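**Q** Using only what follows, build the 3D model:
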Amino acid sequence: MITISFNTDSNMPLYQQIYNYIKKEILSGRLSHPEKLPSARSLAANLQVSRSTVDTAYSQLVAEGYIDAREKRGYFVNPITHTQNFTPSRDPLPVSSHSLEQSCTFPYDFDPDAVDTVHFPYSVWKSIGKNQLDDPHNFISGNPLGDRGLRQAIAAYLYGSRGVICTPDNIIVGSGLDYLLQMVCVLFGRNAIVAMEDPGYRSARQILTANGYHLHNIPLTHGEFDVQALRRSSASICYVTPSHQFPLGSVLSISHRQSLLDWASEKEGRYIIEDDHDSEFRYKGKPIPALQSLDQNQKVIYIGTFSKAVSPAIRTGYMVLPSALMSRYRESCSGYACPVPRISQAILTEFIQQGYFEKHLNRMRKLYKGKHDTMLEELHIHFPDDLLHISADNAGLYMIIHYHGSLSDGEILGRAEKNGIRLRPLKGYYANLPASYQPAYLLGFASLDEIQIRDGVALLAEHVLI
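**A** Numbering: from 1, shown residues only. The predicted model follows:
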């Protein structure tokens, strides 16, 4: 029988004290599934309280799923596997290493995800924003797919720059890759198996895993996605970054692209998610056409964002769905409102339509190429070829250095931090680290000026890697 010592000096009602006691016993594991609780009548008699007091406590426990009420049988403890043996603590929660990482500032932060915020046309953005704030139309609810004007602007831009074939009716506007992947998860439920590049984009991996998806990580072969390994898997969805593989930077060849499209077409229900994360920035040769532009059977889900081209702070991305999936989306996701504020959509629409976006991209390509070339030059000046192998493919906002010296990864990161340098190890992007792995690091250059790049690389040579 349950015995509770009531706190008669407390303002907490008796039913609440009974509820708290039983809940705590269940969470601690002292009451466990499928144990039967005393009847409300017998517990009330034992505790010398009214039957209604116990009924109220039991009702709350049933409502929250801690116990189950079975007709003519009584109350039973539910299986609470995710909280059993949990011991509440009054100690402050430890600060995670990720939180510490974000809170620390480094004079030389080679962040591969950062962008140049100094040269953004703030005055233009501010002027457009002021005009859009004066438009009452921007303060009413909008289309759940995103404002049609923005979707039209995106469709025109994608066709002209990436060869993507779509209409505004195939486009969904969302607040970045994470939201758009969540929508993909809603579309496919939780039964799909997803093949991913290894190494690959870890945020996408985390989002898919958090949504219950089983991931099949496929190692790259000479920097390219192994389509034959994909065929041997049971995956029905494939997530790739074909135009600039993240993080290795390789480009998926036309033969591999065609093989990938063939795989998707061979069986009903197969789809490819193409993440075109930084296609705007190539510094040599012509832009690589999107995989979607080669798709004749509507098997590619194309996703992009304005995070690199404009700013990650505007939290705006887009997804182009094949017609069949768009019909499914309208049926199953019509209750989801577009998470991007209409003011932000209106500003971005005008920014694109008035030609400011293209002008900004052209300017940033020149600036980023200058930074790219400066970093490459400094690395060649300060490091012998037998110590560092440099992967710089004239694209994107970072390059990779592969270290062939005697220092361990931990020693390198410790030295770097001591000298005010923040590095991103390549190993953090692997699901399964190869046995042959040697220390390698992504060196982002976008947010640094040329002086910081020169000084940072010199510090790497003098105090970290040599």
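**Q** Export only the CA atoms of stretch 453-466, formatted as CSV.
**A** Once non-C-alpha atoms are left out, stretch 453-466 reads as follows in CSV (Å, rounded to 0.1, in the frame of the first residue of the first chain):
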residue,chain,number,x,y,z
ILE,A,453,44.2,35.4,-43.4
ARG,A,454,47.9,36.1,-43.7
ASP,A,455,48.5,36.4,-40.0
GLY,A,456,46.4,33.4,-39.2
VAL,A,457,48.2,31.1,-41.6
ALA,A,458,51.6,32.4,-40.4
LEU,A,459,50.6,31.6,-36.8
LEU,A,460,49.5,28.1,-37.9
ALA,A,461,53.0,27.6,-39.4
GLU,A,462,55.0,29.1,-36.5
HIS,A,463,53.1,27.8,-33.5
VAL,A,464,50.7,25.0,-34.4
LEU,A,465,51.6,22.6,-37.2
ILE,A,466,55.4,23.0,-37.4
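**Q** and that stretch, how far from the chain's centre?
**A** Its chain's C-alpha centre and that of stretch 453-466 lie 31 Å apart, by Cα atoms, centre = their mean, to the nearest Å.
**Q** How about stretch 236-256?
**A** For stretch 236-256, the distance between its averaged C-alpha position and the chain's averaged C-alpha position is 17 Å (Cα atoms, centre = their mean).
**Q** in that stretch, what counts as buried?
**A** Taking 16 or more other Cβ atoms under 10 Å as the basis for neighbour counts, the residues of stretch 236-256 that come out buried are 236-252, 256. Where you see a C-beta, it was placed from the backbone N, CA and C, and this is true even at glycine.
**Q** again with stretch 117-124
**A** By neighbour count, with 16+ other Cβ under 10 Å as the criterion, the buried positions of stretch 117-124 are 121, 124.
**Q** got a list of contacts for that stretch?
**A** Stretch 117-124 is touched from outside by 310-311, 351, 356, 359-360, 363-364, 367, 447, 449, with contacts defined as Cβ atoms under 8 Å, 6 or more residues apart in numbering.
**Q** hey, what's the nearest residue to Leu460 once chain neighbours are set aside bridged with?
**A** If the residues on either side of it in the chain are set aside, Leu460 comes closest to Ile421, at 6.5 Å by Cβ to Cβ, 6 or more residues apart in numbering. The bridge-partner assignment for Ile421, based on DSSP bridges, gives Tyr108.
**Q** For Ile421, which residues are in contact?
**A** For Ile421, the contact set (Cβ under 8 Å, 6+ apart) comprises 106-110, 456, 459-460, 464.
**Q** Let's see that with 10 Å instead.
**A** If you count contacts by Cβ atoms under 10 Å, 6 or more residues apart in numbering, Ile421 has them with 106-110, 412-413, 415, 456-457, 459-460, 463-464.
**Q** Kindly supply the PyMOL command isolating those of these that are buried.
**A** To isolate the buried subset of the contacts of Ile421 in PyMOL, counting by 16+ other Cβ under 10 Å, use the following:
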select buried, resi 106+108+109+110+412+413+415+456+457+459+460+464
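**Q** Poorly predicted segments of this structure, please.
**A** Where the chain drops to pLDDT under 70, the residues are 80-104.
**Q** Pick out the residue closest to the middle of it.
**A** Ser203 (3.5 Å; Cα atoms, centre = their mean).
**Q** Validate this expectation: that residue resides in a strand.
**A** No: the assignment for Ser203, made by DSSP: H, G, I helix; E, B strand; the rest coil, is helix rather than a strand.
**Q** Would you mind measuring from the residue nearest to Leu460 to Asp373?
**A** Computed as Cβ to Cβ, to the nearest Å, the Ile421 to Asp373 distance reads 21 Å.
**Q** repeat for Ile401
**A** Distance of Ile401 to Asp373, computed by Cβ to Cβ: 16 Å.
**Q** Ok, Gly142 next?
**A** Gly142 is 43 Å from Asp373, where distance means Cβ to Cβ.
**Q** go on, Asp178?
**A** Distance from Asp178 to Asp373, counting by Cβ to Cβ: 33 Å.
**Q** isn't the residue nearest to the centre of the chain right up against Asp113?
**A** Yes: if you go by Cβ atoms under 10 Å, Ser203 and Asp113 touch, sitting 9.4 Å apart.
**Q** what sits up against stretch 456-464?
**A** Outside stretch 456-464, the residues that reach it (Cβ under 10 Å, 6+ apart) are 106-110, 374-384, 387-388, 401, 403, 407, 411-423, 441, 443, 445, 448, 465-466.
**Q** Show me which of those residues are buried.
**A** Burial by neighbour count, 16+ other Cβ under 10 Å: within these this picks out 106, 108-110, 374-376, 378-379, 382-383, 387-388, 401, 403, 412-413, 415-416, 419, 421-423, 441, 443, 445, 448, 465.
**Q** Which of those residues fall in helices?
**A** Those of these mapping onto helices are 374-376, 378-379, 382, 412-413, 415-416, per DSSP state H.
**Q** I'd like to know how many residues surround the residue nearest to Leu181 when sequence neighbours are not counted.
**A** Spatial nearest neighbour of Leu181, excluding adjacent residues (Cβ to Cβ, 6+ apart): Ile207 at 4.8 Å. Counted by other Cβ atoms under 10 Å, the residues lying close to Ile207 total 19.
**Q** hmm, back to that, check the contacts of Ile421 against Ala324 and report the nearest one.
**A** Within the set of the contacts of Ile421, Phe110 lies nearest Ala324; the separation is 42.8 Å, counting by Cβ to Cβ.
**Q** Now stretch 168-188: buried residues?
**A** Neighbour-count burial for stretch 168-188 flags 168, 170-185, 187-188 (criterion: 16+ other Cβ under 10 Å).
**Q** Which of these fall in helices?
**A** Using DSSP H, the subset of these located in helices is 176-185, 187-188.
**Q** What are the boundaries of the helices in the stretch 151-300 of the chain?
**A** According to DSSP state H, counting those that start in this stretch, the stretch 151-300 of the chain carries its helices in the segments 176-188, 202-210, 227-232, 254-265.
**Q** List the contacts of the last one.
**A** When contacts are taken as Cβ under 10 Å, 6+ apart, the neighbours of helix 254-265 outside the stretch itself are 195, 221, 224-228, 230-231, 235-238, 240, 242-243, 251-253, 270-272, 274, 288-300.
**Q** Could you rerun that using 7 Å?
**A** Identification of contacts with helix 254-265 by Cβ atoms under 7 Å, 6 or more residues apart in numbering yields 224-225, 227, 230-231, 238, 242, 270-272, 291, 294-295, 297, 299.
**Q** One more: the longest one?
**A** Counting by Cβ under 7 Å, 6+ apart, the neighbours of helix 176-188 from elsewhere in the structure are 172, 174, 203-204, 207-208, 211, 213, 237, 273, 301, 303, 305, 307, 315, 317, 319, 325, 328-329, 332-333, 339.
**Q** and it, C-alpha only, in CSV?
**A** This file holds the C-alpha atoms of helix 176-188, laid out as CSV (Å, rounded to 0.1, in the frame of the first residue of the first chain):
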residue,chain,number,x,y,z
GLY,A,176,16.5,27.2,-43.9
LEU,A,177,17.6,23.7,-44.6
ASP,A,178,16.5,22.3,-41.2
TYR,A,179,12.8,23.3,-41.7
LEU,A,180,12.8,22.1,-45.3
LEU,A,181,14.2,18.7,-44.2
GLN,A,182,11.5,18.5,-41.5
MET,A,183,8.9,18.9,-44.3
VAL,A,184,10.6,16.1,-46.3
CYS,A,185,10.3,13.9,-43.2
VAL,A,186,6.6,14.7,-43.0
LEU,A,187,6.1,13.8,-46.6
PHE,A,188,7.8,10.4,-46.3
